[in-house]
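In: Below: sequence and its predicted model.
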Amino acid sequence: MSKLVLVRHGQSEWNLKNLFTGWENPPLTPKGVEEAHNAGKQLKAMEFIPSLCFTSELVRAQKTLDIMLDELRINEIEIIRDKALNERHYGDLQGKNKAETAKEFGEKQVHIWRRSFDVPPPNGESLKDTAARSIPYFEDNIVPKLKEGKDVLVSAHGNSLRSIVMDIEKLSPEQILKREIATGQALVYEYHNGEFKLL
């Protein structure tokens, strides 16, 4: 039996400013740093010690992971970084304010881009596109480690993690669209005989 912990990065400066972030690299806010520390403390209280870690190629997820490992007093551990775990790419919307974008393109259109499963923003990715890279990566690289009995910590992003949650909880596209993963939130799963159980 092994454990999988999925953590969304702490609040970034662009989260705070209500900007579409995607693959851009804003730093964590002081609140985001605190959220990362709290996530680490939560894992420490559970006595969770990861065997290895996965994160994206984006700084906010990597920094969140560093802070959690610091809380866990772990100095040396294998960390695998891959863009397959990156946030959904928001294309032409990246760096734009969400409220201003609604004025520019219309609230209905922006809502479709943000909350539909398979409609991407201009030059960006839909959640379906994000899932098409993050789920195979999860199945090919992370699940085998769990099968070996290793405990795995993943620090990533709202949409890449939603894709993985959709896969392991066997949710429909409609169900996952309603699922919010807060910044700094840790989801803890037990893995046994190919089955995941949310703790």
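Out: Thanks, I have the structure now. Numbering: from 1, shown residues only.

In: Enumerate every residue touching the residue most central in space within the chain.
Out: The centroid of the chain falls nearest to H157 when counting by CA atoms, centre = their mean (2.4 Å). Listed by CB atoms under 8 Å, 6 or more residues apart in numbering, the contact partners of H157 are R8, H9, S56, L58, A61, L85, N86, E87, R88. Where C-beta positions appear, they are placed from N, C-alpha and C, glycine not excepted.

In: Put together CSV for the residues you listed, with neighbour count on each row.
Out: Shown next, in CSV, are the contacts of H157 (neighbours: other CB atoms under 10 Å):
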residue, neighbour count
R8, 28
H9, 30
S56, 24
L58, 25
A61, 29
L85, 28
N86, 23
E87, 27
R88, 28
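
In: Rebuild those as TSV, extending it with distance to D129, pLDDT and secondary structure.
Out: Listed next are the contacts of H157 as TSV, based on distance: CB to CB, whole Å; pLDDT from 0 to 100; DSSP: H, G, I helix; E, B strand; the rest coil:
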residue	distance to D129	pLDDT	secondary structure
R8	19	98	strand
H9	20	98	coil
S56	15	98	coil
L58	17	98	coil
A61	19	98	helix
L85	14	98	helix
N86	11	98	coil
E87	12	98	coil
R88	7	97	coil
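
In: would you turn those into JSON lines with distance to L19?
Out: Output for the contacts of H157, formatted as JSON lines (distance: CB to CB, whole Å):
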{"residue": "R8", "distance to L19": "17"}
{"residue": "H9", "distance to L19": "15"}
{"residue": "S56", "distance to L19": "18"}
{"residue": "L58", "distance to L19": "14"}
{"residue": "A61", "distance to L19": "17"}
{"residue": "L85", "distance to L19": "21"}
{"residue": "N86", "distance to L19": "17"}
{"residue": "E87", "distance to L19": "12"}
{"residue": "R88", "distance to L19": "14"}
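
In: out of these, who's nearest K197?
Out: Comparing the contacts of H157 against K197 with CB to CB places R8 closest, at 20.0 Å.

In: What separation is there between the closest one and K98?
Out: 18 Å (CB to CB, to the nearest Å).

In: Please apply the same query to N159.
Out: Relative to K98, N159 is positioned 15 Å away (criterion: CB to CB).

In: More neighbours: those two, which one.
Out: For N159 versus K98, the count of surrounding residues by other CB atoms under 10 Å is larger for N159: 24 against 13.

In: Show me what the helix or strand hosting that one is in contact with.
Out: Element membership for N159 (DSSP states H and E) is helix 158-168. Identification of contacts with helix 158-168 by CB under 8 Å, 6+ apart yields 4, 6, 8, 56, 84-88, 127, 130-131, 134-135, 138-139, 154, 156, 171, 173, 175-176, 179-181, 187, 189, 196.

In: Going through these, which ones are buried?
Out: 4, 6, 8, 56, 84-88, 127, 130-131, 134-135, 138, 154, 156, 176, 181, 187, 189, 196 (16 or more other CB atoms under 10 Å).

In: Mind listing what's buried along stretch 48-64?
Out: Neighbour counts over stretch 48-64 (16+ other CB under 10 Å) mark 48, 50-51, 53-56, 58-64 as buried.
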